[in-house]
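K.L.:
Got a predicted structure plus its sequence, pasted below:
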Amino acid sequence: MTNRVRRHISIDEKLLFDQATGNRSSFELAPLDVDYPGADRLLPRELVREDVPHFPELNEVEVNRHFTRLSTYNYFIDLGLYPLGSCTMKYNPKINEKMARIPSFAEAHPLQLHENTQGCLRLMKHLEEMLLAVTGMAGATLQPLAGAHGEMTGMMLIRAALEARGNPRRTVLIPDSAHGTNPASAVLCGYDAITLKSNSKGCIDLAELREKLDENVACLMLTNPNTLGVFEENILEISRLVHENGSLIYMDGANFNAFMGIARPGEMGIDVMHLNLHKTFSTPHGGGGPGAGPVVVGEELLPFLPVPVIYEKADGELTLDYDRPASIGKVAGFYGNFGVLVRALTYMMRLGRDGIKAVAEHAVLNANYLRHHLQDVYHLEYGQPTMHEVVFDDRYQEEFGVSTMDIAKRLLEYGFHPPTVYFPLIVHGAMMIEPTETETKEELDAFIETMKQIAAEARANPAVFRQAPQALRTARLDETGAARTPILTWQQARES
Amino acid sequence: MYSDDFLYTKDHEWVRVEDGEATLGITHYAQEELGDIVFVELPEVGTTVDAGDTLGSVESVKAVSDIYAPVGGEVIEVNEILEDKPEMMNEDPHGDGWIAKIRLSDKSDLDKLFSADDYEAYIKEEKEK
């Protein structure tokens, strides 16, 4: 194998606070030509600072170089494969950015009158319709600002629907193969989370489900396909059992990339799900996104959707409907992250129905290509067919004293972002790999060769892992120290 | 490694009972599996729990795991030192790294726990699985 990594200039950069020399500026303002009475005349006295904190003063060159230098330390999807399992780090087509920068969208203000924002409202309505078409659900809200926010919104909707039936109930069943945020969302909405243990195939155990479904269960919260990448083959029976018990089903849509355009959650009996636009629909992900976690619901939950709901009058004019007495209220400022919605709609319209289906097919094909080529050198705890991701572990490397963390660090030296590690918890030393559909065969082959090389090194030269990644600008970090005594601010860093 | 004076659970916790008071912690095997522990969420003194209820959580560099009540009763004391020194759970899991004390409400809860021999057989099985 040829190592594709080469040395490259990487310049050390101080914090802005530490390099500011004062008396520099990135721009000049024209002299003030009106009388300025002073801040203490314009603002309440208690709001005016006497001491101005030490703010860095830098010229444009310095500022530009600062951020450009920092950007060279980064690893990002435009640089290479980013196989974080369950994160769906797919390439974000640049046409999304082009559309989001159209001034009519980019410069729209949420407080503009509706008569002047019909285009923006139409875009949101159109995105809602497309999300409903692809999920088979009855209604949507685009407000939630992230996946976990969507989960919370969905759980609030479930509570509202059950309260309307007369009893909100007390518990939520969550398989141990679900996403880690699911129990937190259930607890935030006042429910006790109860874990369902997976069976030997990595799926929900129907006997265990029957046993745990009692009159207290508000909802089953499942991730499908789950974090092992396994599709719940009994989904229809599962939803029948849950509904028979008077409970509802929440589906975490984070893994929707595996089957969108092929099967529809609405037809599986799902009552509510969230979608991660920043995963499945190629909007920016990581570094704060910002994300968007729209929630789609079935008929029963429609009255409870957050306000405002986009409403089309008979004459085709769009307006925002706040007059919904059963609504759970607002869940975000204004209408969510509008710029993200523009990108997601662009992605869906560019792909069309056939393209969306092809995305899922290629996502599953790519993951299975990796699985096929790596399953002899990395241990697979569950042998079930998997979809868009595959979970290996370090069982074969353990005997040489090489762990999943060591493998992840070594991958960095070969120029790849590591997979998700140590999750799901049901696989000891998990490496959860999701290549997504946007990778070429050549990039996948390079990753396969590297992973094989690393497995061979573990056997022949485990010492090389101890200090990995040596080749990077920062060697192995003290993760324990960082978690036990975190230094989070400049002030803390100065004092430590 | 695993003392006969303790009882054990399938969630890898230990219990030592003295005068109707159960002291509990996580086992050596558990701390080894978790790796470096960086944070522990302790239960509140005065809380009443049933066996199997969540008592708190342990966060390591790898994962966050729940701590379950191995027996039911009232939480009468917690090891507050762990809030500043969670590494005690790695260094001395069966001693200074104890988590909480529960005043037993039902002695029969103890019947469901493993002896040291049973627990060692259980973790051997877990390792081979």
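P.N.:
Right, received. Where do you want to start? Residues are numbered from 1 along each chain as shown, chains lettered A, B, ... in the order given.

K.L.:
list the helices and strands the helix or strand where B:Arg103 lies packs on?
P.N.:
Secondary structure from DSSP states H and E places B:Arg103 in strand B:100-104. Strand B:100-104 is packed against strand B:21-26, strand B:73-78, with contacts defined by 3 or more CB pairs under 8 Å, 6 or more residues apart in numbering or on different chains; DSSP states H and E. Bear in mind the C-beta positions are built from the backbone N, C-alpha and C, glycine included.

K.L.:
And that strand, what's buried?
P.N.:
Buried positions in strand B:100-104, judged by neighbour count with 16 or more other CB atoms under 10 Å in any protein chain shown: B:Ala100, B:Lys101, B:Ile102, B:Arg103, B:Leu104.

K.L.:
What residues does residue 80 make contact with?
P.N.:
No chain was given, so I picked chain A. The contact partners of A:Gly80, by CB atoms under 8 Å, 6 or more residues apart in numbering or on different chains, come to A:Gly415, A:Phe416, A:His417, A:Glu443.

K.L.:
You answered for a different chain; I wanted chain B.
P.N.:
Taking CB under 8 Å, 6+ apart, we find B:Glu80 in contact with B:Leu42.

K.L.:
any idea how far the biggest helix by length in chain A is from the chain center?
P.N.:
Criterion DSSP state H: the longest helix present in chain A is helix A:338-374. Computed by CA atoms, centre = their mean, to the nearest Å, the chain-centroid distance of helix A:338-374 equals 15 Å.

K.L.:
try stretch A:37-48
P.N.:
For stretch A:37-48, the separation from the chain centroid amounts to 43 Å (computed by CA atoms, centre = their mean).

K.L.:
ok, now stretch A:149-168?
P.N.:
In terms of CA atoms, centre = their mean, the centre of stretch A:149-168 is found 23 Å from the chain centre.

K.L.:
Indicate each strand paired with the following helix or strand past the longest helix of chain A and its parallel or antiparallel sense.
P.N.:
Later in the chain than helix A:338-374, the nearest helix or strand by DSSP H and E is strand A:379-380. Applying DSSP bridges to the sheet, strand A:379-380 is found paired with strand A:390-393 (antiparallel).

K.L.:
residues in contact with the strand it pairs with?
P.N.:
Strand A:390-393 has contacts (CB under 8 Å, 6+ apart) with A:85, A:227-229, A:367-368, A:370-371, A:374-375, A:378-382, A:404, A:424, A:427-433.

K.L.:
Same question for stretch A:125-139.
P.N.:
When contacts are defined by CB under 8 Å, 6+ apart, stretch A:125-139 is touched by residues A:140, A:142, A:253, A:256, A:260-261, A:264-267, A:270, A:273, A:275, A:294, A:296-299, A:301-302, A:305, A:309-310, A:312, A:318, A:341, A:344-345, A:348-349, A:356.

K.L.:
now the strands: where do they sit in chain B?
P.N.:
Here chain B has its strands, by DSSP state E, at B:7-8, B:13-18, B:21-26, B:37-41, B:48-49, B:54-60, B:64-68, B:73-78, B:100-104.

K.L.:
for these, which one ends up most surrounded?
P.N.:
Per residue and on average, the most neighbours among the strands of chain B fall to strand B:7-8, with a mean of 24 (mean count of other CB atoms under 10 Å in any protein chain shown).

K.L.:
which other helices and strands contact that strand?
P.N.:
Contacts defined by 3+ CB pairs under 8 Å, 6+ apart place strand B:7-8 against strand B:13-18, helix B:116-128.

K.L.:
and of those, who's closest to chain A?
P.N.:
Taking CB to the nearest CB, helix B:116-128 is the member of the helices and strands packed on strand B:7-8 nearest to chain A, at 8.9 Å.

K.L.:
is any part of the closest one close to chain A?
P.N.:
No - judged by CB under 8 Å from any CB of the partner chain, helix B:116-128 and chain A are separated, with a smallest distance of 8.9 Å.

K.L.:
mind listing what's buried in that helix?
P.N.:
For helix B:116-128, burial by neighbour count (16+ other CB under 10 Å) applies to B:Ala116, B:Tyr119, B:Tyr122, B:Ile123.
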